[in-house]
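[1] Sequence and computational prediction follow.
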Amino acid sequence: MSLKSRLAEDRVLVAPGVYDALTASLATDAGFEALYLSGAAIAYTRLGRPDIGLVAMSEVAETITLVRDRVATPLVVDADNGYGNALNVERTVRLFERAGASAIQLEDQSYPKRCGHLQDKTLIGQGDMVGKIKAALDARVSAETLIVARTDAVAVEGFERAIERARAYAEAGADVLFVEAPRSANQLAEVTKALGHTRPLLANMVEGGDTPLASAADLGAIGFRLVIFPGGIVRALARTAQAYYGSLAKAGTNTPFADRMFDFGELNALIGTPEMLARGRAYEGAGQ
């Protein structure tokens, strides 16, 4: 089922954050129907840096390609602000769509952008963002490739202006609307009340961020169709890695940490090593 078809159903869809082929395969194996390739998670893991516009378009495109080579699960891709103006957006959409993106998310921040839950963000004009959305729609090859329009206006211009921007982005043709960082449960409900009749709505859950945390079921009940948990995997892995390195530095051996690790064989089984080796053997001598 395509992402577009799945979002047309009257039930919430959870897309966990991933940042590479391994996390994408683990999330797929856990049963998720869609994945969210997080620009923040790529910055955290690939660069060891914050989400402040440092990740390049080519780095995200390469990641999409690697993920898509590993899993077929629908993939929502964070394209930041399109990496420039409307012409840059066209190129971004063409490249990401070819690489395997099922949906491409664009935001109305200026350049360089920053994480939606950091402070002191700046925005481009509403008209300029409308132009970017139209450029994205013109550039995509398939109508099955969705354009997600995100506004960061809540923190910059206020909640009402964020709703106005989102309405304009829907009128421009965006397939999914994303009002970033509502500050309360009441604002979350107001987003769905104001916009739920226009397009499928996306909610973003960030542990420690500006938006109060809620379950996907509760968000679906008030009208959100897609719920993402973009950076949760990195926060979980970073804490685990910190504990692992601390244990190894203290003990000089992995024995104290062994019950929290896969061993060599278990990891190879998880990533499909036996099956791949068997498939390789099947080709040996095939032309003789």
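    Here it is on my side, so go on.
[2] Stretch 49-65: which residues count as buried?
    51, 53-55, 57, 60-61, 63-65 (16 or more other CB atoms under 10 Å). To be clear about C-beta, it is placed using only N, CA and C from the backbone, and glycine gets the same treatment.
[3] what pLDDT, on average, does the helix or strand that Ile233 is a member of get?
    Using DSSP states H and E, Ile233 sits within helix 232-251. Regarding helix 232-251, the rounded mean pLDDT is 98.
[4] and it, what other elements does it pack with?
    Judged by 3 or more CB pairs under 8 Å, 6 or more residues apart in numbering; DSSP states H and E, helix 232-251 is in contact with strand 13-18, helix 39-42.
[5] Of the ones you listed, which is nearest Ile133?
    helix 39-42 (18.2 Å; CB to CB).
[6] C-alpha coordinates for that closest one, PDB please?
    Taking Å, rounded to 0.1, in the frame of the first residue of the first chain, the C-alpha atoms of helix 39-42 are listed here in PDB:
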ATOM      1  CA  GLY A  39      17.400  15.400   9.300                       C
ATOM      2  CA  ALA A  40      18.100  16.000  13.000                       C
ATOM      3  CA  ALA A  41      18.900  12.300  13.500                       C
ATOM      4  CA  ILE A  42      21.300  12.400  10.500                       C
END
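[7] can you list contacts of that helix?
    Outside helix 39-42, the residues that touch it by CB atoms under 8 Å, 6 or more residues apart in numbering are 17-19, 51, 55, 59-60, 63, 78-80, 115, 230-231, 233-234.
[8] at 7 Å what do you get?
    Contacting residues not belonging to helix 39-42 are listed as 17, 19, 51, 55, 59-60, 63, 78, 80, 115, 230-231, 233-234 [CB atoms under 7 Å, 6 or more residues apart in numbering].
[9] need those residues in a markdown table with distance to Ala172, can you?
    Listed next are the contacts of helix 39-42 as a markdown table, based on distance: CB to CB, whole Å:
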| residue | distance to Ala172 |
| --- | --- |
| Gly17 | 27 |
| Tyr19 | 30 |
| Asp51 | 26 |
| Val55 | 25 |
| Glu59 | 28 |
| Val60 | 23 |
| Thr63 | 28 |
| Asp78 | 20 |
| Asp80 | 18 |
| Cys115 | 25 |
| Pro230 | 24 |
| Gly231 | 28 |
| Ile233 | 32 |
| Val234 | 32 |
